[in-house]
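1. Here is a sequence together with a model predicted from it:
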Amino acid sequence: MTLDAIYDAPLTQEFGTVKPVFLDLSTDVRQRSVTALNRLLAHAMAMRDLYKKAHWQISGPSFYALHLLFDKHYQEQLALIDQLAERVQTLGGVALALAQDVVDESRIAHAPRGREAPEQQLQRLVGCHALVLREARALARRADEAGDDGTADLIIGSLVRTYELQSWFVGEHLTTFDVPALQRNAPIAGEAPARENGQPAAH
């Protein structure tokens, strides 16, 4: 079979659909949870890449400690990504999986290709954690209100707790950080304009 034939082969399930499953959850509830989980999955994939970039490019007096810390957090992102993707599939959805999916779905802006100063790397990571945590807590509440206990438990028990811990470890290396700005939901390092239904929000 040629590569063109592979690309033209019919799909077994279209992205954005949910197939029947035996979970005693309505199609509407599962659809909304799948959409939320795929958003968080894209964020986690973006965070994975940011941590690996920081792991490779960190410099300065704290190089060794941060080099090891960033790789540890990278590995934890991998485990979280797998949990989120498997929950999407469990609900009958189709999990995001490709680099383009991250670009299209995640609100975390691309970091520059060049090497950033250590303080900027730390600011970016803590800022991105804050962004994802704001979304994750809201999405967990919605899942809980809809009766999707498994999704709510996964978001809080795995993503939120992991990101809070990672943010603490990274933040302890910062010399300055504008906490009041985060509390006001001001734009933060790593944040791109919000997207609504995959489209940039109007300003």
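-> Received it, and whenever you're ready, just let me know what you need.
2. which strands and helices sit next to the lengthiest helix in the chain?
-> Longest helix in the chain, counting residues (DSSP state H): helix 27-57. The elements that helix 27-57 packs onto, with contact taken as 3 or more CB pairs under 8 Å, 6 or more residues apart in numbering; DSSP states H and E, are helix 63-90, helix 99-105, helix 118-145, helix 149-154. For the C-beta atoms, the positions are set from N, CA and C on the backbone; glycine is no exception.
3. Kindly recompute the last result at 10 Å.
-> Judged by 3 or more CB pairs under 10 Å, 6 or more residues apart in numbering; DSSP states H and E, helix 27-57 is in contact with helix 63-90, helix 99-105, helix 118-145, helix 149-154, helix 161-171.
4. Same list (these) but as a markdown table, adding mean pLDDT.
-> Listed next are the helices and strands packed on helix 27-57 as a markdown table, based on pLDDT from 0 to 100:
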| stretch | mean pLDDT |
| --- | --- |
| helix 63-90 | 97 |
| helix 99-105 | 90 |
| helix 118-145 | 95 |
| helix 149-154 | 98 |
| helix 161-171 | 97 |
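5. could these go into a markdown table alongside distance to residue 17?
-> Shown next, in a markdown table, are these (distance: least, CB to CB, whole Å):
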| stretch | distance to residue 17 |
| --- | --- |
| helix 63-90 | 12 |
| helix 99-105 | 16 |
| helix 118-145 | 19 |
| helix 149-154 | 18 |
| helix 161-171 | 29 |
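6. Select, out of these, the one closest to residue 36.
-> With CB to CB as the criterion, residue 36 lies closest to helix 118-145 of these, at 4.2 Å.
7. Now that closest one: buried residues?
-> For helix 118-145, the neighbour count (16 or more other CB atoms under 10 Å) marks 118, 121-133, 135-136, 139-140, 142-143 as buried.
8. What is it packed up against?
-> So helix 118-145, by 3+ CB pairs under 10 Å, 6+ apart, packs with helix 27-57, helix 63-90, helix 149-154, helix 161-171, helix 179-183.
9. what about it, distance to the chain center?
-> How far helix 118-145 lies from its chain's middle: 8 Å, per CA atoms, centre = their mean, to the nearest Å.
10. so that helix versus helix 63-90, what angle?
-> With axes from the mean of the first three to the mean of the last three CA atoms, to 10 degrees defining the directions, helix 118-145 sits at 20 degrees from helix 63-90.
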